[in-house]
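**Q** predicted coordinates and the sequence they were generated for:
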Amino acid sequence: MGKQAAGRGWRSAAAAAWVLVAVACSATVHWHLRRETMDRAEERLVSMCEERARMLQEQFGVTVNHVHALAILISTFHFEKFPSAIDQGTFAKYTARTSFERPLLNGVAYAQRIFHHEREMFESQQGWIMNTMKREAAPPQDEYAPVIFSQDTVSYLARIDMMSGEEDRENILRARATGKAVLTNPFRLLGSDHLGVVLTFAVYRPGLAADASVEQRVEATAGYLGGAFDVESLVENLLSKLAGNQDIVVNVYDVTNASEPMVMYGPQSPGGKVPLLHVSTLDFGDPFRRHEMRCRYKQKPPLPWSAITNPLGTFVIWMLVGYIICAAWSRYDKVSEDCRKMEELKTQAEAADVAKSQFLATVSHEIRTPMNGVLGMLDMLLGTDLTMTQKDFAQTAQMCGRALITLINDVLDRAKIEAGKLELEAVPFDLRSLMDDVISLFSSKSREKCIELAVFVCDDVPKVVIGDPWRYRQILTNLVGNAVKFTERGHVFVRVCLSDNSKLEANKVLNGTMNGKDGKVETISNGAFNTLSGFQAADERNSWEYFKLLLSDKESLMDELECEKSNQNGSDCVTLMISIEDTGVGIPLHAQDRVFTPFMQADSSTSRNYGGTGIGLSISKCLAELMGGQISFTSRPFVGSTFTFSAVLKRSCKDTSIDPKRSLSEALPTVFKGMKAILVDGRPTFSGQKGATGSREKISMLFIESDIWRPETDTQLLNHLHELKSNCQVHELPKLILLVTSEEDKDRYGSTFDIVMCKPIRASTIASCLQQLLKVKMPERKENQNRPSFLRSLLIGKNILIVDDNKVNLRVAAAALKKYGAKVHCVESGKDAICLLQHPHCFDACFMDVQMPEMDGFEATRQIRQMEMKANEEMKNTLTSVEYSTFVEFHLPVLAMTADVIQATYEECIKSGMDGYVSKPFDEEQLYQAVSKLVVGTTESAV
């Protein structure tokens, strides 16, 4: 009992001690928080007072600035103009309309400075006599300041000499001496009964220096501008816009006389000591007067609740800490569970990606396999004797099938890009030949539409570059195809130049260095635009002046680039800038943001009117970025579009890897060099008709644009040429060549000209026409430069084994190979192929389908390679050392014939031992590539 009583007593003492400690801690926290509250209240008071003082000064300054601007206006239009451009009516109307800029001024008035000797003339001119403030005639004095202009609200000041009042005179003298606005003592304004001050501003004659002395300012003074300033309204308007006005009391004082401060705004301060008070200095711009803003709380700051709640809050905080620990543990468990689910979703996403790839492979195979038969049979059908109607039907079906294959290829390309599995090749190719090929694809379409289709490649662009020609061609085909498709009149112009040159030329255009032009597309005398076809273009920089700069200013451009190139020594990269300009329908403004979105078109009618799926631009953008460049466009509805993309390629020092057939230099023999040709065109850049008739040099060819040829008026040119020949001034007339846009013009002008060439003009076309016209012998090509004949020389007599479970594909592949002289043997399964390829066999190559029942092409190829390894080992064991050194291992070239062209399938082909693959349906180009590499063991570059 005694111990229990002692324990209870100890616990009671401990509880009492705990209570005392808690009370002491609470009291300490209370006084600490109270002190902090008072400090924060003082800081808040200082902040609010300083903010109000600053805003008051700013608003006052804004009004003063408007008065200053009015003073400059009077100085400019009253003293500089003779006669004056300002009168009382003008001044009253202007100040009334601009009174919203001076909401705190009751009105403004202008008093002109008049000397005593000028008074009589001034009063005679004005037609009235100057009065004093008391409406009496102004007594004689050295100078006067009569009000000549006044706002209607202060019209009672008219004719009053402001120098007659003592305080006004003092303000005027201070204002003109300092050049600043000066203020009077506070007084009650008429009408509002508010406290206010008079603002006086000196008006100087023009030409006064900013650092003028007092004497110079006084001498240059022309008059005085004044206004009544409503201080109470200003402060009241300011406080109404700010928060916290109900908490503090604001007073504004004029403390010029510190012993007797004058209240300008606010109630009188209570007597006694104010616990919290802050004084902010106000600067209204008058150096002779001082003003202050005094702020205080209306009530004493209340006791903070935190002084009561914080002791209890300690316990709550500990509870919250425990709750936070518990919640953190629960959150940890939840995050762990989420991570596990994310791993599962990742696995599912990877599986879905694999499933998508398999789906694309399956769909591609299932569509390509029958399309291989369709296109192959159509190709065979077109090789037979057909009527024109039957041939048209077959060609239409073939075109639709190829369009479907193109769509499948685009979808697969997009899938490759999204999966990050699209790899670019790095092979040398002739850039100009590639551009020539792309343009030839759309030449017939451009002729049907009678639109100009032209390509210009700058001279400084390398002839041979290293990159991926197929993807480069794909971008160009998409962009040029779109341009031709959406253009019904005008032109499509493709320009290729170096990126650095393009920037320099663009800067010259924009800086107006092109013969004084500003780089915009201007019209010529007949109202047409100064572009390729005369139609307006979307990008105003691609004018004929711009094109002329490219042709005539290359030396200066190269000088400007020389400095930059010196910093890039050893760099073999070159950045090309390619622009495709058209004068088509343009892209609507609302659709320009989604131009590069896959499967999106401008509107619902685009696909119906022009066709397409809307995926080409998306793929082009991705390919351009993979090439290290970018793609952009400029488009104006109903004017046209200009797409520009860049690509980073490598320079190639050697062009031996380029097919000689594709070299433009061979298409233009050297015998053409030195011949003089003149182009007659209506464009200002190429106006050369006068030079054609007056030049003494021998002219070999005269190219004339059909747009400016008028048979009824231009026959004088032909007559003049014949007259020159008859007078023995020329021995031989130049060949006349007409450049036309459509095939119909050939028959129309064929009798007048030596030859009519239809645009777009390719280099090979020019070479062929000039050979025929000038009877120049072209260098003979080697037979292997003609792909069909060369392909035949590779395949003739070769034994080819074709393995495919589809009988239609067997027939198509066999017919394609037999066309070039190969001996073809067909089997329908992989097992049959293995049986035929048991060593020794007589086959030179094998075309193997990938997806077949029982045994697919991958497994069949693996077994073929195993049989070859076994046969090679057996042969090596039976050979002597001399025979072993000359022994060539058995290796049958195996090419996969697959409709699945995704990257994973290609990798599986190489992994299983195949030497390459051709995609279904395959054409002559693919067959040439495959056979030239595998059958004769060489690449196309070795041809």
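**A** Here it is on my side, so go on.

**Q** so for stretch 754-761, mean pLDDT?
**A** Averaged across stretch 754-761, pLDDT comes to 78.

**Q** residues making contact with that stretch?
**A** Here stretch 754-761 makes contact (CB atoms under 8 Å, 6 or more residues apart in numbering) with 439-440, 443, 446-447, 452-455, 735-743, 745-746, 749-750, 765-766, 769, 772-773. Where C-beta positions appear, they are placed from N, C-alpha and C, glycine not excepted.

**Q** next, the buried residues of that stretch.
**A** 754, 756-761 (16 or more other CB atoms under 10 Å).

**Q** over to stretch 443-460?
**A** In terms of neighbour count (16+ other CB under 10 Å), stretch 443-460 has its buried residues at 443, 446-447, 449, 451-455, 457-458.

**Q** which of the residues you listed fall within helices?
**A** 443, 446-447, 449 (DSSP state H).

**Q** want to throw these into a markdown table with distance to residue 253 and pLDDT?
**A** Output for these, formatted as a markdown table (distance: CB to CB, whole Å; pLDDT from 0 to 100):
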| residue | distance to residue 253 | pLDDT |
| --- | --- | --- |
| 443 | 90 | 82 |
| 446 | 86 | 84 |
| 447 | 91 | 81 |
| 449 | 85 | 85 |
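
**Q** hmm, which two among those are most spread apart?
**A** Greatest spacing in those, by CB to CB: 443 and 449 (11.2 Å).

**Q** the longest helix in the protein is where?
**A** In the chain, with assignment by DSSP H, the single longest helix is helix 306-382.

**Q** so after that one, what's the next helix or strand?
**A** Heading C-terminal from helix 306-382, the first helix or strand you meet, by DSSP states H and E, is helix 388-419.

**Q** beyond that following helix, next helix or strand please.
**A** In N-to-C order, the element after helix 388-419 by DSSP H and E is strand 427-430.

**Q** and that following strand, C-alpha only, in PDB?
**A** What follows is strand 427-430, C-alpha atoms only, in PDB (Å, rounded to 0.1, in the frame of the first residue of the first chain):
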ATOM      1  CA  VAL A 427      26.100   3.600-101.300                       C
ATOM      2  CA  PRO A 428      27.400   6.000-103.900                       C
ATOM      3  CA  PHE A 429      24.800   7.400-106.400                       C
ATOM      4  CA  ASP A 430      24.600  10.000-109.100                       C
END
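
**Q** for the very next helix or strand once past that strand, name the packing helices and strands.
**A** Next in sequence after strand 427-430, counting helices and strands by DSSP H and E, comes helix 431-441. Secondary-structure packing of helix 431-441 (3 or more CB pairs under 8 Å, 6 or more residues apart in numbering; DSSP states H and E): strand 452-457, helix 469-485, strand 491-498, helix 664-667, helix 763-774.

**Q** I'd like the average pLDDT over helix 431-441.
**A** Mean pLDDT, helix 431-441: 84.

**Q** kindly report the same for stretch 230-242.
**A** Mean predicted confidence for stretch 230-242 is 76.

**Q** repeat that for stretch 489-498.
**A** Summarised as a single mean, pLDDT over stretch 489-498 is 89.

**Q** buried stuff in that stretch?
**A** By neighbour count on 16+ other CB under 10 Å, the buried set for stretch 489-498 is 490-498.

**Q** before we move on, the earlier item: who does the longest helix of the chain touch, helix- and strand-wise?
**A** Using 3+ CB pairs under 8 Å, 6+ apart: helix 306-382 touches helix 2-74, helix 388-419, helix 807-818, helix 903-912.

**Q** the helix or strand that comes right after the shortest one: how far from the chain's middle?
**A** It refers to helix 903-912. Next along the chain after helix 903-912, taking DSSP H and E as the criterion, comes strand 916-919. How far strand 916-919 lies from its chain's middle: 39 Å, per CA atoms, centre = their mean, to the nearest Å.

**Q** pull the helix or strand with minimum mean pLDDT from the chain.
**A** Of all helical and strand segments in the chain, the minimum by mean pLDDT, DSSP states H and E falls on helix 689-694, at a mean of 37.

**Q** returning to what we had before: most tightly surrounded among the helices and strands packed on helix 306-382?
**A** Among the helices and strands packed on helix 306-382, helix 807-818 has the highest mean neighbour count (mean count of other CB atoms under 10 Å), at a mean of 19.

**Q** enumerate the positions of stretch 476-492 that are buried.
**A** Neighbour counts using 16+ other CB under 10 Å place 476-487, 490-492 of stretch 476-492 among the buried residues.

**Q** so the spatially most central residue of the chain, which state does it fall into?
**A** Centroid-nearest residue in the chain, with CA atoms, centre = their mean: residue 632, separated by 6.0 Å. Of the three states, residue 632 takes strand under DSSP: H, G, I helix; E, B strand; the rest coil.

**Q** poorly predicted segments of the stretch 1-150 of the chain, please.
**A** Within the stretch 1-150 of the chain, the stretches with pLDDT under 70 are 1-11, 14-15, 17-19, 21-22.

**Q** contacting residues for residue 872?
**A** Residue 872 makes contact with 889-890, according to CB under 8 Å, 6+ apart.

**Q** wait, is it part of a helix?
**A** Yes: under three-state DSSP, residue 872 sits within a helix.

**Q** show the pLDDT at it.
**A** Reported pLDDT for residue 872: 86.

**Q** look up how far residue 351 lies from it.
**A** Look at residue 872 and residue 351: by CB to CB, to the nearest Å, they are 41 Å apart.

**Q** before we move on, what about residue 809?
**A** 32 Å.

**Q** same question, residue 894
**A** Going from residue 894 to residue 351 by CB to CB gives 32 Å.

**Q** neighbour count winner among these two?
**A** Neighbour tally, residue 894 and residue 351, criterion other CB atoms under 10 Å: the higher count belongs to residue 894, 26 against 10.

**Q** next up, the contacts around residue 768.
**A** With contact set as CB under 8 Å, 6+ apart, residue 768 has no partners.

**Q** residue 477 now?
**A** Residue 477 is in contact with 438, 441, counting by CB under 8 Å, 6+ apart.

**Q** start at 35, not 1
**A** Got it, first residue is 35 now, which makes that one residue 511.

**Q** tell me the pLDDT of it.
**A** 89.

**Q** and the gap between it and residue 429?
**A** Residue 511 sits at a distance of 20 Å from residue 429 (criterion: CB to CB).

**Q** just residue 140 next, same as before
**A** 91 Å.

**Q** check residue 329 too.
**A** Distance, residue 329 to residue 429, using CB to CB: 92 Å.

**Q** ok, residue 72 next?
**A** Applying CB to CB, the value for residue 72 to residue 429 is 96 Å.

**Q** pretty sure residue 267 contacts residue 228?
**A** Yes: Residue 267 is in contact with residue 228 according to CB atoms under 8 Å; the separation is 6.1 Å.

**Q** find residues that contact each of the two.
**A** Counting by CB under 8 Å, 6+ apart, nothing touches both residue 267 and residue 228.

**Q** now the spatially closest residue to residue 150 that is not a sequence neighbour: phi and psi?
**A** Leaving aside its chain neighbours, residue 150 sits nearest to residue 176 (5.8 Å; criterion: CB to CB, 6 or more residues apart in numbering). With angles defined as degrees, to the nearest 10, residue 176 sits at phi -60, psi -50.

**Q** now residue 237
**A** Per degrees, to the nearest 10, the backbone of residue 237 is at phi -110, psi 120.

**Q** how many residues are close by it?
**A** Residue 237 has 25 neighbours, counted by other CB under 10 Å.

**Q** which residues does it contact?
**A** Taking CB under 8 Å, 6+ apart, we find residue 237 in contact with 105, 108-109, 144, 255-259.
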